[in-house]
Every structure is written in structure tokens, then in C-alpha cells.
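[1] Sequence below, structure please.
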Amino acid sequence: MLVLALVTLLLHGALMGLFYAFSMSVMPGLNAIDPAHAGAAMRSINRKILNPWLFIVFMGSPLAALVTGIVTGSVWFYAAAVANGVGSFLVTVAINVPMNNTLDAGTMPYQKYAPRWTRWNTIRTVACAVSLVLTGIGLTAL
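    The predicted structure is shown next:
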């Protein structure tokens with residue numbers, strides 16, 4: 001039970017860190033260079049980030065929180081699963097990924113893409129921070 005809760009905490013922290021790094025360094029760094037180069041770099045990032053490690057963290061975070069909630073009966077883990085599922089998973093699937101696809105297809109210029117994508121990514125970051133705190137509270141309550 002404790003190991004499952006710790007894995008849940010680790011997954012939420014890793015996902016929050018990933019989103020935080022994008023909003024605080026990757027996007028500002030890309031915004032500081034020529035938009036054509038920034039768009040090409042972001043397209044490359046969007047392709048390379050699709051790997052098993054991302055999927056473990058991205059899909060594992062809400063799933064681990066849900067399973068931990070079921071195993072422990074702790075409402076904190078259920079709340080973390082909801083915060084992560086809505087604020088990270090749903091936002092990613094409904095907003096960030098479609099924007100990545102439009103950037104990749106060349107139907108949205110980088111200058112229009114970057115501010116909107118970063119705004120939604122920051123929302124994902126905040127949702128993951130909330131889910132991380134909820135997971136931490138759930139862990140301390142075990």
C-alpha cells in the first residue's frame with residue numbers, strides 16, 4: 001500500500017515537473033528565437049516526446065491515484081485522480097495535442113500557437129501541482 005502511494009506521488013511529481021519545465025524554460029527559450037526555427041524545434045519535440053516513458057507518467061499518474069484510492073479508501077487519492085484526469089489528461093487530449101497536430105500540419109503559425117499552448121500547459125502544470133499536493137496529503141494520512 002505504501003509503495004503504491006509512493007509510486008503515485010512520484011508519477012505526479014514527474015508529470016508536474018515536465019509541464020513546469022515547458023512553461024518556464026522550453027517555451028520561453030523557443031519564443032526567443034526565430035519563429036520558423038522555434039516551430040521546427042517544437043514539431044521535433046512533439047514527435048520525440050511520444051515515447052513509453054511519457055506514456056507511463058502521463059497515463060500512469062491518474063490511474064495510479066485511482067488505484068491507490070481504491071486500495072486505501074482514501075478520498076485524497078480519488079481527488080488527485082480527478083484533478084490530474086481533468087486538468088492534465090483531458091486538457092492534453094482536447095487542447096494541447098490538437099494544437100500540436102495543427103502546428104505539425106502547418107495550419108497554425110508558431111506565433112499564434114505558442115502563447116495559447118503555453119497558457120493551457122500552465123493550466124496542466126497547476127492541475128498536476130494540485131494532484132501532487134493531494135497525493136502528498138493522502139500519503140501522510142496512511
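
[2] tell me the mean pLDDT for the lengthiest helix in the chain?
    Counting residues, the longest helix found in the chain (DSSP state H) is helix 110-140. In this model, helix 110-140 has an average pLDDT of 98.

[3] Run through the neighbouring helices and strands of that helix.
    Contact here means 3 or more Cβ pairs under 8 Å, 6 or more residues apart in numbering; DSSP states H and E; on that basis helix 110-140 packs against helix 2-21, helix 27-31, helix 35-48, helix 52-72, helix 75-84, helix 91, helix 97-105. All C-beta atoms are positioned from the backbone trio N, CA, C, and that covers glycine.

[4] and the angle for the fifth one with helix 52-72?
    Here helix 75-84 points in a direction 150 degrees away from that of helix 52-72 (axes from the mean of the first three to the mean of the last three Cα atoms, to 10 degrees).

[5] Which strands or helices does helix 75-84 pack on?
    helix 2-21, helix 52-72, helix 110-140.

[6] tell me which residues in the last one are buried?
    When burial is assessed from 16 or more other Cβ atoms under 10 Å, helix 110-140 yields the following buried residues: 110, 113-114, 117-118, 120-136, 138-139.
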